[in-house]
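In: following is a predicted model, sequence given first.
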Amino acid sequence: MKKNIAIIMGGYSSEFKISLISGNVVYNFLDKEKFNLFRIHIFKNKWVYVDDNDNEIPIDRNDFSIPLNDSIIKFHCIFNAIHGSPGEDGLMQAYFELLGIKHTSCNFYQAALTFNKRDLLSVLKPYGIKSAPSYYLNLGDELNETEIINKVKLPCFVKANKSGSSYGITKVYKAEDLKSAIETAYKEDDEIIIEGYLEGTEVSVGVLKIKGETTVFPITEIVSENDFFDYQAKYEGKSQEITPARINAEQLEKVTIASKKIYDVLKMTGFSRSEFIFIGNEPYLLEMNTTPGLTTESILPQQAKAAGIELGMLFELAIDEALS
């Protein structure tokens, strides 16, 4: 019997447009001979099933079902393509776990933890995962610019703590620009992380558990045409993404070990994509994404292709793992 698969997309954050693209790529590439596919838009004002003619039918949130053609459609598995809240911060995961519905992302605790950059780096530090010097601020905290600069030095990055796609991030070179960068980050989140600048090769590492085995995909080197890997670099072609990365054997071994270690220590499931910068041969973790971009141009699909895995099969592997 064909499985009913709901592909959730959209979300409540600034990333909703990218999520819609990712979700539609999943819908277009999954094998419709194997699965009954349903596109589900999740927005603050509506949760709806969208058919091929763009007709919308509201979701019954009591059990995440659809009333369709005098029957009720329930789902064997949810394919999560929501970047940001509520698909990447644990809210949807907790909801589906309460309902007992399988889903392709990690569990709610891991989602909430990895979505919070500050908490993630703090949890991983005792396991030997290196990261940049950092300073934390919450909305309403007193601003001591001298203390911040003494801690992280200049240049530094000011980031929204819980945000993706490089929204709310500024590279600060001069002390007089720090305050405006903090104000920009607060527009995305009420928590901020300020990190020292690490100069080195940046790489992105995709991981997926396949048939129970933690699998690291070929690694991608990021060469941004902009000052850093910002929104334009990620989504508007202002970067080179080179797979496999031009790194030496020691760097490859260390970042592979670190990526598997992070995935396994956190008891992850589903996709993850972690960003590192090398200082010498040592990888320093920047962040981890648990619902990475899945467009045809996105990094994880590029890595899968380099591993000989076509898009449709990549998505199918995630569903198989969730159902298992």
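Out: Cool, the structure landed. Numbers count the residues shown, from 1 in each chain.
In: and the residue nearest in space to the middle of the chain, bridged to which residues?
Out: Closest residue to the average C-alpha location of the chain: residue 289 at 2.7 Å, with Cα atoms, centre = their mean. For residue 289, the beta-bridge partners are residue 273 (DSSP bridges).
In: look up how far residue 22 lies from it.
Out: Separation of residue 289 from residue 22 (Cβ to Cβ, to the nearest Å) stands at 12 Å. Bear in mind the C-beta positions are built from the backbone N, C-alpha and C, glycine included.
In: what is in contact with those two at once?
Out: residue 83 (Cβ atoms under 8 Å, 6 or more residues apart in numbering).
In: thought residue 298 was touching the residue nearest to the centre of the chain, still the case?
Out: No - using Cβ atoms under 8 Å, residue 289 makes no contact with residue 298, being 10.5 Å away.
In: next structured bit after the lowest-mean-pLDDT helix or strand in the chain?
Out: Lowest by mean pLDDT, DSSP states H and E among the helices and strands of the chain is helix 231-235, with a mean of 47. As assigned by DSSP states H and E, the chain's next helix or strand after helix 231-235 is strand 239-242.
In: neighbouring strands - and their directions - for that following strand?
Out: strand 220-224 (antiparallel).
In: pretty sure residue 90 sits against residue 116.
Out: No - counting by Cβ under 8 Å, residue 90 does not reach residue 116; the two are 9.6 Å apart.
In: more neighbours, the two?
Out: Between residue 90 and residue 116, counted using other Cβ atoms under 10 Å, residue 90 has the larger neighbour count: 24 against 19.
In: per-residue pLDDT, that one?
Out: Looking at residue 90, its pLDDT reads 97.
In: which residues of the stretch 101-250 of the chain fall in helices?
Out: Assigned by DSSP state H, counting those that start in this stretch, the stretch 101-250 of the chain shows helices spanning 108-115, 117-124, 145-152, 178-186, 231-235, 249-265.
In: which one of these lies nearest to residue 201?
Out: helix 249-265 (7.7 Å; Cβ to Cβ).
In: could you pull out the buried residues of that closest one?
Out: 251, 252, 254, 255, 258, 259, 262, 263 (16 or more other Cβ atoms under 10 Å).
In: switch the residues you listed over to JSON lines; also include pLDDT.
Out: What follows is the buried residues of helix 249-265, written out as JSON lines (pLDDT from 0 to 100):
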{"residue": "251", "pLDDT": "98"}
{"residue": "252", "pLDDT": "98"}
{"residue": "254", "pLDDT": "98"}
{"residue": "255", "pLDDT": "98"}
{"residue": "258", "pLDDT": "98"}
{"residue": "259", "pLDDT": "98"}
{"residue": "262", "pLDDT": "98"}
{"residue": "263", "pLDDT": "98"}
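In: so residue 4 sits right up against residue 75, yeah?
Out: Yes - with contact defined as Cβ under 8 Å, residue 4 reaches residue 75; the gap is 4.8 Å.
In: neighbour count: these two, which is higher?
Out: A count of neighbours by other Cβ under 10 Å puts residue 75 above the other of residue 4 and residue 75, at 23 against 17.
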